[in-house]
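K.L.:
Provided below for reference: sequence and predicted model.
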Amino acid sequence: MVEFFLHQHEELFRELRLCFSIDVTHPNNFSEDGFFSAGAINSAFLLKNILLEKNYVVVRDVGTEDKAGLMLAKILGGNIFHQGDLGYLYGFKNHPFERSILSSSLAAGAFHTDFWARSSAPDYVLLQCVEPDPRHPYYSRNQVALVSDLLDKMYSVMPEMVGALDGIELPYAVGDKTAKVKLIDYIDKKPAMRFHPLYVADNLLDESHFFGGVPVHSLVSIFAQDVAEDFVLNSGDVLVVSNKYCLHRRGEATIKFNGGVSDWCGRKLNTLRFSF
């Protein structure tokens, strides 16, 4: 697991909190130029280089305030992605009876990238833990699988897939819309994916999508489990993960009933997406 302890970088830690008084209703209008000291900028530069090299990083001790995640993304040089009706930053809790919104349900998620249907998907996903799972640290654990590790393992076990995946397009269905999305691209000579197995239209698969009788999206999911890093976010921790060079997911979540069926608590997250 790749970690960065923010409290060890005092200037960045302190100056990020000074940003909480800034109006970031439109965060892309805010410029960090001239606001942060040289020491804070150097710490942010170190963090950005870790992210560029490793493709994901867990930043400890960022804080639980909504602006903490926003300002961290901004100082990394991020152009915050507007998520339609969700705005720039979306906060949500795991819900005991949720079925349609996958991120809020208690079920374990699938390894995926966000906004996979968009050719201009955001570069990074930021997940900020506001309140941990009631059964922390054993539930709601996060997993990240590097695409390069996934493919290396897949090709070592199934050599017949070498080169065969490069041209594959998966059919997806969302509501009454269908689209084909290329599984693998190469960006700066590194393999990248756009992928979400839960939306694959199984009825539109053909023989090119099967290897050894198993559909390719199932194989990707299985090999992602094999190579994934598994870790937990504490309250105030942030995961920043590449939305191209990594797949990510959350494990099974729990809730705690405090009284009646409508009185419960669960893990609470803030999420945003950004690009350099």
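P.N.:
Arrived safely, thanks for sending. Note that the structure is predicted; figures quoted are calculated from it, not measured. Numbering: from 1, shown residues only.
K.L.:
My guess is residue 197 contacts residue 110. True?
P.N.:
Yes: Residue 197 lies in contact with residue 110 (Cβ atoms under 8 Å); the separation is 5.1 Å. For every residue, glycine as well, the C-beta is placed using N, CA and C.
K.L.:
which neighbours do those two share?
P.N.:
Common contacts of residue 197 and residue 110 (Cβ atoms under 8 Å, 6 or more residues apart in numbering): residue 221.
K.L.:
what about stretch 207-226, how long is it end to end?
P.N.:
Using Cα to Cα, to the nearest Å, the end-to-end distance of stretch 207-226 comes to 25 Å.
K.L.:
which other residues reach that stretch?
P.N.:
Here stretch 207-226 makes contact (Cβ under 8 Å, 6+ apart) with 110-111, 143, 145, 150, 153-154, 157-158, 160-161, 164-165, 168, 170, 183, 193, 195, 197, 200, 202, 205, 247, 249.
K.L.:
ok, now stretch 169-181?
P.N.:
Stretch 169-181 is contacted from outside by 116-117, 182-183, 194-196, 199-201, 204-205, 209, 216-217, using Cβ under 8 Å, 6+ apart.
K.L.:
same thing with stretch 32-52?
P.N.:
2, 4, 9, 11-12, 15-16, 19, 57, 59, 74-77, 124, 240, 242.
K.L.:
Just the buried ones among the contacts of stretch 169-181, please.
P.N.:
Among those, the ones that count as buried by 16 or more other Cβ atoms under 10 Å are 116, 183, 194, 195, 196, 199, 200, 209, 216, 217.
K.L.:
Now those residues in CSV, please, with extra columns for distance to residue 91 and secondary structure.
P.N.:
Below are the buried ones among the contacts of stretch 169-181 laid out as CSV (distance: Cβ to Cβ, whole Å; DSSP: H, G, I helix; E, B strand; the rest coil):
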residue, distance to residue 91, secondary structure
116, 22, coil
183, 31, coil
194, 26, coil
195, 25, coil
196, 22, coil
199, 24, helix
200, 29, strand
209, 37, helix
216, 35, helix
217, 30, helix
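K.L.:
Going along the chain, name the helices of the stretch 151-276 of the chain.
P.N.:
In the stretch 151-276 of the chain, the helices defined using DSSP state H, counting those that start in this stretch lie at 216-227.
K.L.:
Okay, strands next: where are they in it?
P.N.:
Using DSSP state E, counting those that start in this stretch, the strands of the stretch 151-276 of the chain run over 169-174, 177-182, 184-187, 190-193, 210-211, 214-215, 229-231, 238-242, 246-250, 255-257, 264-266, 268-275.
K.L.:
could you dump these to a markdown table with distance to residue 39 and mean pLDDT?
P.N.:
Formatted as a markdown table, those follow (distance: least, Cβ to Cβ, whole Å; pLDDT from 0 to 100):
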| stretch | distance to residue 39 | mean pLDDT |
| --- | --- | --- |
| strand 169-174 | 46 | 95 |
| strand 177-182 | 43 | 94 |
| strand 184-187 | 32 | 95 |
| strand 190-193 | 32 | 96 |
| strand 210-211 | 52 | 95 |
| strand 214-215 | 51 | 96 |
| strand 229-231 | 28 | 96 |
| strand 238-242 | 20 | 98 |
| strand 246-250 | 30 | 97 |
| strand 255-257 | 41 | 93 |
| strand 264-266 | 38 | 92 |
| strand 268-275 | 23 | 96 |
